[in-house]
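**Q** Need a 3D model of the following:
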Amino acid sequence: MVHVHDHSPSSTPPGIKLLDLDAQRVSRYLPPDLAADLLRDLSDPHTRPMRLVEAFVHLACARSVIATYLPRLLSSQLLEERLESPWLRWVEGSLLCADLSGSTALAERLSTLGREGTEMVTAFLNQIFTTLIEVIQDYGGDLVAFGGDALLVFFGDDRHPRTAARAALALQDAMRDYVQQVPGVGSFPMHLHVGVESGRMAFVSAGSDDELHYGVLGAAVNGVALAESHALPNETVVGPHAWAALADFATGDEVADGFYRISAMRAPARPHLPLSDEQAITGAPEEAVPQLLDDLDRMR
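**A** Residues are numbered from 1 along each chain as shown. From the prediction side, this is the model:
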C-alpha cells in the first residue's frame with residue numbers, strides 16, 4: 001500500500017542534493033527519463049517537482065508487485081529482519097501440502113491440440129490454483145512453493161495445527177465435485193490429496209548474488225509429504241504431531257501408524273484471520289525512495 005505525503009520540494013534548502021543515489025540502481029528500476037530527473041539536483045529549475053512523487057509511486061508499486069510472488073515470511077525476513085544470505089531461521093508452525101490429481105490426464109489429452117491446447121491447460125490450472133490460493137489466504141496461510149501440481153503452505157499463528165487442518169478441509173470443499181469441461185474433448189474430474197503436519201522447521205536462503213534459493217527443511221517437511229502420500233482423492237491426512245494437537249478438535253480415522261484421515265473439525269472459537277496486507281509505506285518520498293531501492297535490490 002502506498003501513502004503519498006504532501007511534500008513540497010521548495011522546503012528543501014537550495015544547493016542540497018535531493019538524494020545521494022547510485023545511477024545504476026536508479027536506472028535499473030525506473031524509466032530513463034524519470035531516472036534522469038531523480039538523479040538531478042533538487043534546486044535545478046528544470047527538475048519537475050512531481051517527478052519525485054512519480055518515482056516514489058513507481059518504486060512502491062514495483063515492490064508491491066514483486067512481493068506478490070514471494071512468500072510473506074521471506075519478504076519479512078528480507079525487508080524487516082534484513083537477513084543476509086546465507087541464513088537459516090528455525091520456526092514453529094504447520095505445513096500443508098495439497099496435490100492436484102486429474103491435471104495430467106487433462107494436459108495429455110489437450111496436448112494433441114498443439115499450442116492452443118497448451119494455452120487451454122494453462123488457463124484451466126490458473127483458474128483452479130487461483131481458487132485454492134484465495135482459500136489459503138483466507139486462513140492466513142503463506143504459500144511457500146509450487147512443485148508440479150502441488151503447493152506447500154506455511155501456517156504460523158498461535159493455533160496453527162487447527163488453522164492448517166481447517167484450511168485443508170476448506171480446500172477440499174472448494175474442489176468437491178469439480179469437473180473441468182472441455183467442449184468437444186471431454187470431462188476431466190479434479191481431486192485434491194492434502195497432508196498436514198506440525199513441528200519445528202528451518203527456512204533457509206543460500207546461493208550466489210545472481211541466484212538465491214529459498215526453501216524449508218526439517219522433519220515436518222518429510223512428515224507433511226508422507227501425510228499427503230497417505231491421502232486418497234478428496235481426503236486430508238494429518239501427521240502424528242499435527243494429530244496430537246487436533247485430537248480434541250477433529251473427527252479422524254487412523255490410516256497408517258500415527259497418521260489420521262480427518263473428515264470434520266469443531267467450529268473455531270474465534271474466526272481465523274486472513275493473511276494481512278503488506279506494511280504501508282508512510283515516509284515522505286525523499287526518505288522512502290532510497291529505502292525502496294534497497295528493498296528492491298534485496299528482493300530481486
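**Q** quick one: low-confidence parts of the stretch 201-300 of the chain?
**A** Scanning the stretch 201-300 of the chain for pLDDT under 70 picks out the ranges 209.
**Q** Let's check: the centremost residue of the chain is which one?
**A** Among the residues of the chain, Pro71 comes closest to the average C-alpha position under C-alpha atoms, centre = their mean, at 3.6 Å.
**Q** Could you check how far that residue is from Gln77?
**A** 9 Å (C-beta to C-beta, to the nearest Å). Any C-beta I mention is one placed from the backbone N, CA and C, and that applies to glycine too.
**Q** If you drop the residues flanking it in sequence, what lies closest to Ala98?
**A** Sequence neighbours aside, Val194 is the residue nearest to Ala98 in space, at 4.7 Å (criterion: C-beta to C-beta, 6 or more residues apart in numbering).
**Q** How about the contacts made by that neighbour?
**A** Counting by C-beta atoms under 8 Å, 6 or more residues apart in numbering, Val194 touches Leu96, Cys97, Ala98, Asp99, Ala168, Leu171, Gln172, Glu228, Ala231, Glu235, Thr236, Val237.
**Q** how distant is stretch 99-109 from the center of its chain?
**A** Taking the mean C-alpha point of stretch 99-109 and that of its whole chain, the gap between them comes to 24 Å (C-alpha atoms, centre = their mean, to the nearest Å).
**Q** ok so, going back, the residue nearest to Ala98 should be in a strand, yeah?
**A** Yes - assessed with DSSP: H, G, I helix; E, B strand; the rest coil, Val194 lies in a strand.
**Q** That one and Ile66: what is the separation?
**A** In terms of C-beta to C-beta, Val194 sits 29 Å off from Ile66.
**Q** Backbone dihedrals for Ala206, please?
**A** Main-chain torsions, Ala206, degrees, to the nearest 10: phi -150, psi 160.
**Q** Does anything pack onto whichever strand or helix holds Gln291? Which helices or strands?
**A** When elements are assigned from DSSP states H and E, Gln291 belongs to helix 285-299. Judged by 3 or more C-beta pairs under 8 Å, 6 or more residues apart in numbering; DSSP states H and E, the packing partners of helix 285-299 are helix 23-29, helix 50-67, helix 72-79.
**Q** Look at Ala107 and say how many residues are nearby.
**A** 18 (other C-beta atoms under 10 Å).
**Q** For it, give me the pLDDT.
**A** On the pLDDT scale, Ala107 is placed at 89.
**Q** what does Leu110 give?
**A** On pLDDT, Leu110 comes in at 89.
**Q** who's in contact with it?
**A** Counting by C-beta under 8 Å, 6+ apart, Leu110 makes contact with Gly117, Thr118, Met120, Val121, Val182, Val185.
**Q** Helices along the stretch 151-300 of the chain, start to end?
**A** Secondary structure of the stretch 151-300 of the chain (DSSP state H, counting those that start in this stretch): helices at 160-175, 219-230, 240-246, 285-299.
**Q** if we can go back for a sec, with mean pLDDT, mean neighbour count and distance to Ile262 as extra columns, can I get the helices and strands packed on helix 285-299 in JSON lines?
**A** Formatted as JSON lines, these follow (pLDDT from 0 to 100; neighbours: other C-beta atoms under 10 Å; distance: least, C-beta to C-beta, whole Å):
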{"stretch": "helix 23-29", "mean pLDDT": "85", "mean neighbour count": "14", "distance to Ile262": "46"}
{"stretch": "helix 50-67", "mean pLDDT": "84", "mean neighbour count": "18", "distance to Ile262": "33"}
{"stretch": "helix 72-79", "mean pLDDT": "78", "mean neighbour count": "19", "distance to Ile262": "25"}
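**Q** Kindly reformat the ones you listed as TSV containing distance to Val216.
**A** Listed next are these as TSV, based on distance: least, C-beta to C-beta, whole Å:
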stretch	distance to Val216
helix 23-29	29
helix 50-67	19
helix 72-79	9
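**Q** Go through the ones you listed and name the closest to Phe129.
**A** Nearest to Phe129, of all the helices and strands packed on helix 285-299, is helix 72-79, at 17.3 Å by C-beta to C-beta.
**Q** and the helix holding Gln291 with helix 50-67, angle?
**A** 30 degrees (axes from the mean of the first three to the mean of the last three C-alpha atoms, to 10 degrees).
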